[in-house]
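In: I'll drop the sequence and a predicted model, then ask my questions.
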Amino acid sequence: MSAREFYHVCSEGLEKSLIFRNREEFMTGMNYIAVCACKFNVCILCFCLMGNHFHFILSGTYEDCWRFGNEYKRMCAMMMKRLQGKGEALRNVEVQIKKITDRNYLEAAIAYVLRNPIAAGFRLMPHQYPWSSADMYFRGGYTPNGRRADDFPVRKLMHLLKSKTTIPGEYVIDKDGMVSPLCYIDYRTVEEIFSHPSRLMGLLSSKKEAEFELFLGIADKYNPDMEELKDSVRELIKIEFGVKAVSQLSMEQKIRLCSMMRRNFRSSRKQIAFITRLNMETINKIV
């Protein structure tokens, strides 16, 4: 692997709002990555979008990586203003950028980013989380399904991307209108870094979140208000349990949800009781 500069670019976690509340907003955020990748001279090794923050491992100059992160934040703020009426929520959120100084740190940083859903309490393998690049590596030459970007009329493409930025005509857009991450992820470099899928899998199974967050200074503070919390929980149980409402959960699943809300959203016992309809005596035993 030739000498290159690598950076971890991430946002602070919003305390009382969500950047991405639902599938539509996550898909818009995914397409913004493709747009930003075309605006700046960076390579994206991996990424993960969480409800209240985002992470990227990039290769490029410090300036280009910094500009990428801040442009991505700006586009997310515009989305929040358009769809949530909360464009100001990201105004004081800092985009942090840390230079990755050696190969071991690079491997661990990639694994840390891809492990974010697990650290947040999602009971999913990293490659099953739909809003990250975890499924892009060691796929044996997999070709994404969909239509090429140059098959779309210009106005239609701008509507899908929510941007006037031109993307390469060979980029593939799936049936839901999302650009395949395989088009802009530098998966070959990641495969070269790890050499073998077992090496990547091994690091994905390690738990170093606390160590990394202490080093990076990005421990995420997260205390959404009740309406946003309910939206977030609905998205969580849809992914985790395959249901649309907390009332459809079994007692065992509700108990699991209590722990996930505590880890993922830093929810108070009163918030957990309100959402799950469990009594405080039960909540106190769990969290």
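Out: Looks like it arrived, so ask away. Residues are numbered from 1 along each chain as shown.
In: Just give the nearest non-adjacent residue to the spatially most central residue of the chain, would you?
Out: For the chain, the residue sitting closest to the mean C-alpha position, by C-alpha atoms, centre = their mean, is L49 at 1.2 Å. Sequence neighbours aside, W131 is the residue nearest to L49 in space, at 4.3 Å (criterion: C-beta to C-beta, 6 or more residues apart in numbering). Where C-beta positions appear, they are placed from N, C-alpha and C, glycine not excepted.
In: Can you report how many residues lie near the one you found?
Out: W131 is flanked by 21 other residues according to other C-beta atoms under 10 Å.
In: what do you get for M251?
Out: M251 has 10 neighbours, counted by other C-beta under 10 Å.
In: same question, the one 10 residues further on
Out: M261 is flanked by 24 other residues according to other C-beta under 10 Å.
In: pLDDT at it, what is it?
Out: If you check M261, the pLDDT there is 87.
In: secondary structure class for it?
Out: Put simply, M261 is helix when judged by DSSP: H, G, I helix; E, B strand; the rest coil.
In: for Y7, same thing?
Out: Secondary structure assignment for Y7 (three-state DSSP): strand.
In: Touching, the residue nearest to the centre of the chain and G29? I think so.
Out: Yes: proximity of L49 to G29 meets the contact threshold set by C-beta atoms under 8 Å, at 5.2 Å.
In: any shared contact partners between those two?
Out: Residues touching both L49 and G29 by C-beta atoms under 8 Å, 6 or more residues apart in numbering: 19-20, 131.
In: Where does the prediction get shaky in the stretch 51-200 of the chain?
Out: Residue ranges of the stretch 51-200 of the chain with pLDDT under 70: none are present.
In: List the ones among the shared contacts of L49 and G29 that fall in helices.
Out: Using DSSP state H to define helices, no part of the shared contacts of L49 and G29 is located there.
In: Just send the residues you listed back as a markdown table, with distance to R155 too.
Out: Below are the shared contacts of L49 and G29 laid out as a markdown table (distance: C-beta to C-beta, whole Å):
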| residue | distance to R155 |
| --- | --- |
| I19 | 27 |
| F20 | 25 |
| W131 | 27 |
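In: just curious, which of the residues you listed is nearest to R103?
Out: Taking C-beta to C-beta as the measure, R103 lies nearest W131 of the shared contacts of L49 and G29, at 27.0 Å.
In: Quick check: the closest one touching Y32?
Out: No: W131 is not in contact with Y32 according to C-beta under 8 Å; the separation is 11.9 Å.
In: What segments of the stretch 51-200 of the chain are strands?
Out: With DSSP state E, counting those that start in this stretch, the ranges of strands along the stretch 51-200 of the chain come out as 54-59, 95-100, 147-148, 172-173.
In: so which of those comes closest to Q248?
Out: Closest among these, using C-beta to C-beta: strand 54-59, at 30.2 Å.
In: what lines up beside the closest one in the sheet?
Out: Within its sheet, strand 54-59 is paired with strand 6-11 (antiparallel), strand 43-49 (antiparallel), according to DSSP bridges.
In: Could you check the angle it makes with strand 95-100?
Out: Between strand 54-59 and strand 95-100, the angle comes out at 40 degrees (axes from the mean of the first three to the mean of the last three C-alpha atoms, to 10 degrees).
In: For strand 54-59, which outside residues touch it?
Out: Contact with strand 54-59 is made by 4-11, 19, 29, 33, 42-48, 65, 68-69, 72, 76, 100, 106, 109-110, 113, 116, 186, 189, as judged by C-beta under 8 Å, 6+ apart.
In: Compute the inter-axis angle for the longest helix anywhere in the chain and strand 54-59.
Out: In the chain, taking DSSP H as the definition, the longest helix is helix 62-84. On the basis of the same axes, to 10 degrees, helix 62-84 is oriented at 150 degrees to strand 54-59.
In: packing partners for helix 62-84?
Out: strand 6-11, helix 23-39, strand 54-59, strand 95-100 (3 or more C-beta pairs under 8 Å, 6 or more residues apart in numbering; DSSP states H and E).
In: As JSON lines, those with mean neighbour count would be great.
Out: Shown next, in JSON lines, are these (neighbours: other C-beta atoms under 10 Å):
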{"stretch": "strand 6-11", "mean neighbour count": "25"}
{"stretch": "helix 23-39", "mean neighbour count": "20"}
{"stretch": "strand 54-59", "mean neighbour count": "25"}
{"stretch": "strand 95-100", "mean neighbour count": "17"}
